[in-house]
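Asker: With the sequence up front, the predicted model follows.
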Amino acid sequence: MVQIFQSEHQTILSNNLSFKHTKPKISDILQLANIHPEKPISALDDSKIYYITHYSFYQLVKYGSTINDSIIQTFLSYLKKTDPNIYSLDTNFYQDLISHGWHFAYQKYFLHSNSFQHAKNTKNKLTLLSPIIVIPLHIGGSHWVSLTRRIISNKTFFFYADDLNNPTTATNVKNQFIASVTSSLYNPPDSE
Amino acid sequence: MICPSFTYLPHSNECGPRSLLAASIYSTHPHPSLLSIIPVMHPNIAQISRWWIAKSLIDKWVDFSSLAPEGYNQVSMCSISSLTHMATPYDTTPIKISYQSEDSSPQHSPFSFSSSSEEESKNPIEITPLSLESTSSQRDPNHQSIRPTAPPFNSK
């Protein structure tokens, strides 16, 4: 009897996969993670770029699980709704900065006359003069830290936050963002 | 600016949610400072930040009102057993742990307890982390609870 009820419930949930007109319930999404783990949550695909699957949402709320970059990118896109001055860089920005250098990362992610098509196609049209830039950093393939660049009273501030408070990670990140490596316009000498 | 916060143990891979939490605060705070993130710290911050992000994704709007400590009960109001996890702040571990090796200079986090005098370093003050278990175990056994007693019931 319980199995029949569960199968019927799963069928109903599967038929109601498209929450396009209604706000989905977290409990329904968590149940759907067992049925269609890799299927994206249709109600959350506003950006049409980053798809949050049921399983990735399940991982978000599960204790001890890691979260993937689609969660971070989608959240940052919603954060921009609260303040249009908030821009965010892609989660791959830091890897490209380390691997290919500042010039490549600048052309790929910042909008200017010589930028790549990637920067022109994205909805996040950020420039070096953007007042608030959120930079999610994926460190060592297993750790997320955040760097927020703000321009307050014509002065640039970098706010670095690491929940582990690891000084080595902070030093490595700082070395990747010093003015000589990036750009004096992006990281002015008087920045903090 | 390296913005310090509490590191809670056991660490539960909450770096992603907590980095988003920190980024949200530092990007929207009218006067951001080094300690802007401290007011939202909580022993259950790992799960609070996870469910706050989940709620924001569902609502398609980042609601900062639930980040206030008095709003934590609303965010945590769910029947998932994992929400009951309460981590211990790393920075409130006993101070003698920092002095295990005398040769190396102790490295304190900005919020760890530091002792300057030599007497204190020789006899460090043991500060146990606050938790429900410790408070219950440290309770004086001879302590009598002051509970109002009901007047005797007359069965007549």
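Answerer: Perfect, thanks for sending it. Residues are numbered from 1 along each chain as shown, chains lettered A, B, ... in the order given.

Asker: Could you use CA atoms for every contact and neighbour count after this?
Answerer: OK.

Asker: And for the closest residue to chain A within chain B, the neighbour number?
Answerer: Closest to chain A within chain B is B:Ser12: 4.2 Å, counting by Cα to the nearest Cα. For B:Ser12, the neighbour count with other Cα atoms under 10 Å in any protein chain shown is 16.

Asker: next one: B:Asp63
Answerer: Neighbours of B:Asp63 under the rule other Cα under 10 Å: 14.

Asker: quick check, it in a helix?
Answerer: No: B:Asp63 is assigned coil when assessed by DSSP: H, G, I helix; E, B strand; the rest coil, not a helix.

Asker: Roughly how far does it sit from A:Val134?
Answerer: In this structure, B:Asp63 and A:Val134 are 18 Å apart, going by Cα to Cα, to the nearest Å.

Asker: who touches the residue of chain B closest to chain A in this structure?
Answerer: By Cα atoms under 8 Å, 6 or more residues apart in numbering or on different chains, B:Ser12 lies in contact with A:Tyr63, A:Gly64, A:Ser65, B:Ala46.

Asker: Also A:Pro136?
Answerer: By Cα under 8 Å, 6+ apart, the contact list for A:Pro136 reads A:Ile72, A:Leu89, A:Asp90, A:Thr91, A:Trp144, A:Val145, A:Ser146, A:Leu147, B:Ser19, B:Leu20.

Asker: Format the residues you listed as TSV; extra columns: pLDDT and neighbour count.
Answerer: Below are those laid out as TSV (pLDDT from 0 to 100; neighbours: other Cα atoms under 10 Å in any protein chain shown):
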residue	pLDDT	neighbour count
A:Ile72	92	20
A:Leu89	89	19
A:Asp90	88	17
A:Thr91	90	18
A:Trp144	93	27
A:Val145	93	26
A:Ser146	93	25
A:Leu147	93	25
B:Ser19	93	24
B:Leu20	94	28
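
Asker: Now distance to B:Met1 too, for those, in JSON lines please.
Answerer: Shown next, in JSON lines, are these (distance: Cα to Cα, whole Å):
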{"residue": "A:Ile72", "distance to B:Met1": "22"}
{"residue": "A:Leu89", "distance to B:Met1": "19"}
{"residue": "A:Asp90", "distance to B:Met1": "22"}
{"residue": "A:Thr91", "distance to B:Met1": "21"}
{"residue": "A:Trp144", "distance to B:Met1": "17"}
{"residue": "A:Val145", "distance to B:Met1": "13"}
{"residue": "A:Ser146", "distance to B:Met1": "12"}
{"residue": "A:Leu147", "distance to B:Met1": "10"}
{"residue": "B:Ser19", "distance to B:Met1": "15"}
{"residue": "B:Leu20", "distance to B:Met1": "17"}
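
Asker: Determine the longest strand present in chain A.
Answerer: For chain A, the longest strand by residue count, based on DSSP state E, is strand A:143-152.

Asker: Find the closest residue to chain B in chain A.
Answerer: Taking Cα to the nearest Cα, chain A has A:Gly64 as its residue nearest chain B, at 4.2 Å.

Asker: Tell me, what's the model's pLDDT at residue 3?
Answerer: Picked chain A for this. pLDDT for A:Gln3: 52.

Asker: um, chain B though
Answerer: B:Cys3 is given a pLDDT of 84.

Asker: just A:Leu128 next, same as before
Answerer: pLDDT, A:Leu128: 81.

Asker: Enumerate every residue touching it.
Answerer: A:Phe110, A:Leu185, A:Tyr186.

Asker: how close does it sit to A:Asn172?
Answerer: Per Cα to Cα, A:Leu128 is found 22 Å from A:Asn172.

Asker: ok, now A:Ile151?
Answerer: Counting by Cα to Cα, the separation of A:Ile151 from A:Asn172 is 23 Å.

Asker: The helix or strand A:Thr168 falls within and chain B in contact?
Answerer: According to DSSP states H and E, A:Thr168 maps onto helix A:167-176. Yes: Helix A:167-176 reaches chain B (Cα under 8 Å from any Cα of the partner chain) through A:Ala170.

Asker: Can you show me the CA trace of that helix as CSV?
Answerer: Output of helix A:167-176 as CSV, limited to C-alpha atoms (Å, rounded to 0.1, in the frame of the first residue of the first chain):
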residue,chain,number,x,y,z
PRO,A,167,46.4,32.8,5.8
THR,A,168,48.2,30.8,3.0
THR,A,169,45.2,30.9,0.8
ALA,A,170,44.8,34.6,1.5
THR,A,171,48.4,35.3,0.5
ASN,A,172,48.1,33.3,-2.7
VAL,A,173,44.9,35.1,-3.7
LYS,A,174,46.4,38.5,-2.9
ASN,A,175,49.5,37.7,-5.1
GLN,A,176,47.1,36.9,-8.0
